[in-house]
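Student: need coordinates for the following:
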Amino acid sequence: MEPFSGSITEQIASGLWRWTAPHTEWEPNATPDSPADWEQHVGSVLYETSEHTVFFDRYYYLIRDEFWRWADQHVAARRTFVLTTIGWHKRSRPAFVERYGASTSRAKNQLPRGVESFVVKIVQRGSQQAS
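Tutor: Numbers count the residues shown, from 1 in each chain. So this is what the prediction gives:
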């Protein structure tokens with residue numbers, strides 16, 4: 001059973017969930033390799049421990065009440081973080097910060113045990129390897 005309508009959700013491991021949902025700004029005929037060229041369903045991840053809940057690149061779909069009920073169950077009374085892997089994935093971060101009083105990606109020195117922040121070098125198409 002999916003936790004909220006329109007999502008595709010899977011528990012990857014104990015305490016680790018990934019879901020995808022249709023992005024409201026997706027363009028079906030975007031020019032290939034343009035900034036608008038991405039998959040219709042975008043992914044988000046939730047990691048929970050006994051003390052913390054961490055949302056990565058969180059995105060909630062239009063059925064917000066269903067999503068929030070699902071997320072609230074995972075947050076419970078845990079300290080919550082909302083982390084972003086790339087700048088334009090800030091998407092619905094303010095809603096999570098407001099609802100859960102969550103810390104954000106800027107709190108790198110306060111990340112829960114088991115969560116690390118590191119920079120990934122991007123390889124441009126056509127290049128041989130990252131430098």
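
Student: centre of the chain to the helix of greatest length in the chain, how far?
Tutor: Criterion DSSP state H: the longest helix present in the chain is helix 64-75. Computed by Cα atoms, centre = their mean, to the nearest Å, the separation of helix 64-75 from the middle of its chain amounts to 14 Å.

Student: partners of the next helix-or-strand element following that helix, with directions?
Tutor: Next in sequence after helix 64-75, counting helices and strands by DSSP states H and E, comes strand 79-83. Counting by DSSP bridges, the strands paired with strand 79-83 are strand 52-56 (parallel), strand 103-104 (parallel).

Student: between the longest one and helix 64-75, what angle do the directions make?
Tutor: Right, the one you point to is strand 52-56. Interaxial angle, strand 52-56 versus helix 64-75 (axes from the mean of the first three to the mean of the last three Cα atoms, to 10 degrees): 140 degrees.

Student: export strand 52-56 to CSV, keeping only CA atoms.
Tutor: Extracted as CSV, the C-alpha positions of strand 52-56 are listed here (Å, rounded to 0.1, in the frame of the first residue of the first chain):
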residue,chain,number,x,y,z
HIS,A,52,16.3,11.6,14.3
THR,A,53,14.3,11.8,11.0
VAL,A,54,16.1,13.1,8.0
PHE,A,55,14.4,14.1,4.7
PHE,A,56,16.6,14.3,1.6
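
Student: what sits up against that strand?
Tutor: Residues outside strand 52-56 that contact it (Cβ atoms under 8 Å, 6 or more residues apart in numbering): 44-48, 71, 74-76, 78-85, 96, 100, 102, 111-112, 115. (Each C-beta comes from the backbone N, C-alpha and C, glycine too.)

Student: put the buried members of the residues you listed into a ChimeraX selection.
Tutor: Listed next is the ChimeraX selection for buried residues among those, using 16 or more other Cβ atoms under 10 Å:
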select :44,45,46,47,48,71,74,75,78,79,80,81,82,83,84,96,100,102,111,112
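
Student: so, low pLDDT: which residues of this structure?
Tutor: 1-7, 59-63, 86-90, 105-108, 122-131 (pLDDT under 70).

Student: rewinding a little: return the list of helices and strands in contact with the longest helix of the chain.
Tutor: strand 41-48, strand 52-56 (3 or more Cβ pairs under 8 Å, 6 or more residues apart in numbering; DSSP states H and E).
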